[in-house]
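>>> okay, sequence plus prediction incoming.
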Amino acid sequence: MSTDTAAMAPPPAPALPTVRTPAELRARVAAWRKEGLRVGLVPTMGALHEGHLTLVKRARDLADRVVASVFVNPTQFGPNEDFSRYPRDEAGDARLLAGAGCDLLYAPGVEAIYPPGFTTTVDVGPVAVPLEGHFRPGHFQGVATVVTKLLLQALPDVACFGQKDYQQLAVIRRLTADLDIPVRIEGVPTVREADGLALSSRNRYLSAEERRQAVTISRVLNRLRDTLGDGSQPVAPAIAQATEALTAAGFTRIDYVAVVDAATLAPLERVDRPARALVAAFLGRTRLIDNLALGPDIP
Ligand code: AMP
């Protein structure tokens, strides 16, 4: 019996090489470059799930070697947000990354990223102002600064980010274009549970009841797409209906339900161009975000 069980167990994933400083990361990447290999980067905050692993697999398709970073970046959390309780599990993350075909884990400490005397920040401008930028002041400055640093430390050919954080993806596209950082930014479609809930490290905060309520976000996004996608209906009444549906499902605070231009994130009255519907709402203390393309998607 025990022999059978042992025979059926999956083989252990090989240990994943791990580096913790920019200098060690650069040395590894430089060695690959010398061999003419293409390098992919997948920045994460850890507590990995299938969504993150899909980014790693996409990076594998586009590059010869893949680096994943795991860094819970303090500067992108507000004072009343969940930085200190954000889930951390480096050993579990390393096992998952190795199984997904990642070649190197970059897991710096806070002092490796923000050494004493650090003061520079990256401010991206209008695309970072509405939505998340409005409800999480300073968030995108923290994201833009750390992503700029990670890109300049790793100098990858391609970096993969999830469409799950749609505005973040737009901010990163803007900053790499504006700062002439020579990297392809690849946006990867959102991975969902069977019922439609977008995978998120924060889903583990949800109680069983909240988990049942959470699915309403993807339902209202689908309804917005079905109602507004052909451009025949005005946006405002559909947003009001979506907001009511979230409240009725038990969401305790709704930061926004928005329908915006897919590229500029400017609000739309009608879906007469590529558009995105976005939601941010709380179940208890847990803040969930999700979004969906309305009409034709843009890459
Ligand atoms: P995080 O660890 O939450 O900072 O996310 C790291 C990267 O994974 C970001 O580019 C996210 O957009 C992406 N990501 C998070 N959840 C998903 C998901 N459900 N599907 C696809 N990508 C995701």
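Good, I have the coordinates.
>>> okay, CA-based contacts and neighbour counts for the rest of this
OK.
>>> and G142, helix, strand or coil?
helix (DSSP: H, G, I helix; E, B strand; the rest coil).
>>> which one is it nearest to, not counting chain neighbours?
Closest residue in space to G142, ignoring its immediate chain neighbours: Q76 at 4.2 Å, by CA to CA, 6 or more residues apart in numbering.
>>> swap in F71?
M45 (4.8 Å).
>>> list the contacts for the residue nearest to G142?
138-143 (CA atoms under 8 Å, 6 or more residues apart in numbering).
>>> make it 7 Å
138-140, 142-143 (CA atoms under 7 Å, 6 or more residues apart in numbering).
>>> which one (most neighbours) among the residues you listed?
Among the contacts of Q76, F140 has the most neighbours (other CA atoms under 10 Å), with 27 neighbours.
>>> these two touch, right, that residue and V129?
No: here F140 does not reach V129: they are 8.5 Å apart, not a contact under CA atoms under 7 Å.
>>> G40: which element?
Taking DSSP states H and E as the criterion, G40 maps to strand 39-44.
>>> wondering if that strand reaches the ligand at all.
Yes: Strand 39-44 reaches the ligand (CA under 6 Å from any ligand atom) through 43-44.
>>> for I181, give me phi and psi.
Backbone torsions of I181, given as degrees, to the nearest 10, read phi -80, psi 120.
>>> what's the neighbour count on it?
Neighbour tally, I181, other CA under 10 Å: 15.
>>> again, but for the one 5 residues further on
The number of residues packed around E186, counting by other CA under 10 Å, is 19.
>>> for the ligand, see how far away it is.
10 Å (CA to the nearest ligand atom, to the nearest Å).
>>> is that residue in a bridge, and if so with what?
C160 (DSSP bridges).
>>> my guess is it contacts D157. True?
No: look at E186 against D157 with CA under 7 Å: they stay out of range, at 10.6 Å.
>>> which residues are common contacts for the two?
With CA under 7 Å, 6+ apart as the test, E186 and D157 reach no residue in common.
>>> need the residues of the stretch 1-150 of the chain near the ligand, please.
43-46, 51-52.
>>> by neighbour count, which of the residues you listed wins?
H52 (29 neighbours).
>>> let me know the pLDDT of T18.
Looking at T18, its pLDDT reads 98.
>>> what's the neighbour count on it?
Around T18 there are 18 residues (other CA under 10 Å).
>>> correct me, but it touches D103?
No: between T18 and D103 no contact is recorded; they are 9.1 Å apart, counting by CA under 7 Å.
>>> can you tell me how far R88 is from the ligand?
Taken as CA to the nearest ligand atom, the span from R88 to the ligand is 11 Å.
>>> one step back: verify the contact between the residue nearest to F71 and A68 for me.
No: using CA under 7 Å, M45 is not in contact with A68; the gap is 9.9 Å.
>>> skipping adjacent residues, who's closest to A293 in space?
Per CA to CA, 6+ apart, closest to A293 is R276, 4.6 Å.
>>> could you list every residue that touches the one you found?
259-262, 291-294.
>>> so, in contact with the ligand or not, the helix or strand hosting it?
Per DSSP H and E: R276 is located in strand 275-283. No: against the ligand, strand 275-283 shows no contacts by CA under 6 Å from any ligand atom, the least distance being 13.7 Å.
>>> look up how far A107 lies from E81.
22 Å (CA to CA, to the nearest Å).
>>> so between these two, which is more surrounded?
Under the criterion of other CA under 10 Å, the comparison of E81 against A107 puts A107 first, with 23 against 14.
>>> just give me how far the host helix or strand of V66 sits from the chain centre.
Assessed by DSSP H and E, V66 sits inside strand 65-70. Mean-position distance between strand 65-70 and its chain equals 15 Å (CA atoms, centre = their mean, to the nearest Å).
>>> what lines up beside it in the sheet?
Counting by DSSP bridges, strand 65-70 is paired with strand 39-44 (parallel), strand 104-106 (parallel).
>>> ok, which of these comes nearest S232?
Of all those, strand 39-44 sits nearest to S232, with 39.0 Å by CA to CA.
>>> is A249 in contact with Q213, as I believe?
Yes: counting by CA under 7 Å, A249 touches Q213, with 5.9 Å between them.
>>> would you list the phi and psi of T148?
Dihedral angles (degrees, to the nearest 10) for T148: phi -60, psi -50.
>>> er, L152 actually
Torsion angles, degrees, to the nearest 10, at L152: phi -80, psi -30.
>>> where along the stretch 1-150 of the chain do the helices fall?
Using DSSP state H, counting those that start in this stretch, the helices of the stretch 1-150 of the chain run over 2-8, 22-34, 50-62, 90-99, 110-113, 132-135, 139-154.
>>> that's all I had, so thanks and see you.
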